[in-house]
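Asker: Below are the sequence and a predicted model; questions follow.
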Amino acid sequence: YTVKVQRELELDVKALANLQDDRNRFLLKAVENYIQCLELGEEHDTWVFRLASLWLENADFKTVNDTMR
């Protein structure tokens, strides 16, 4: 029984890691897209607040900080 539970735990850990990787990838893509929108024109200047919010909420992610530079 413990072998089965251990296997389930391993699968759950892998699934969690995949979800976290997906979240980080989508976060970085969102930051890149907001930056691109702001660079392309003045129509979407209010999106700067969404970009700032994403950046501040995820300030501990090096990739987000590097992208913002």
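Answerer: Arrived safely, thanks for sending.
Asker: quick one: buried residues of stretch 31-46?
Answerer: Using 16 or more other CB atoms under 10 Å as the burial criterion, the residues of stretch 31-46 that qualify are 31, 34, 37. (Glycine included, C-beta is placed from N, CA and C.)
Asker: what's the spacing between it and its chain's center?
Answerer: Taking CA atoms, centre = their mean, to the nearest Å, one finds the center of stretch 31-46 at 18 Å from the center of the full chain.
Asker: got a list of contacts for that stretch?
Answerer: Outside stretch 31-46, the residues that touch it by CB atoms under 8 Å, 6 or more residues apart in numbering are 47, 48, 50, 51, 54, 55, 64, 67, 68.
Asker: Just the CA coordinates for that stretch, please, in PDB.
Answerer: Once side chains and other backbone atoms are set aside, the C-alpha atoms of stretch 31-46 remain, and they are given as PDB (Å, rounded to 0.1, in the frame of the first residue of the first chain):
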ATOM      1  CA  VAL A  31       4.600  40.700 -19.300                       C
ATOM      2  CA  GLU A  32       6.200  40.600 -22.700                       C
ATOM      3  CA  ASN A  33       2.900  41.200 -24.400                       C
ATOM      4  CA  TYR A  34       2.000  44.200 -22.200                       C
ATOM      5  CA  ILE A  35       5.400  45.700 -22.900                       C
ATOM      6  CA  GLN A  36       4.900  45.200 -26.600                       C
ATOM      7  CA  CYS A  37       1.500  46.900 -26.500                       C
ATOM      8  CA  LEU A  38       2.900  49.800 -24.600                       C
ATOM      9  CA  GLU A  39       5.700  50.200 -27.100                       C
ATOM     10  CA  LEU A  40       3.400  50.100 -30.100                       C
ATOM     11  CA  GLY A  41       1.200  53.000 -29.300                       C
ATOM     12  CA  GLU A  42      -0.700  55.300 -26.900                       C
ATOM     13  CA  GLU A  43      -4.100  53.600 -27.300                       C
ATOM     14  CA  HIS A  44      -3.200  51.100 -24.600                       C
ATOM     15  CA  ASP A  45      -1.500  53.400 -22.100                       C
ATOM     16  CA  THR A  46      -3.800  52.300 -19.300                       C
END
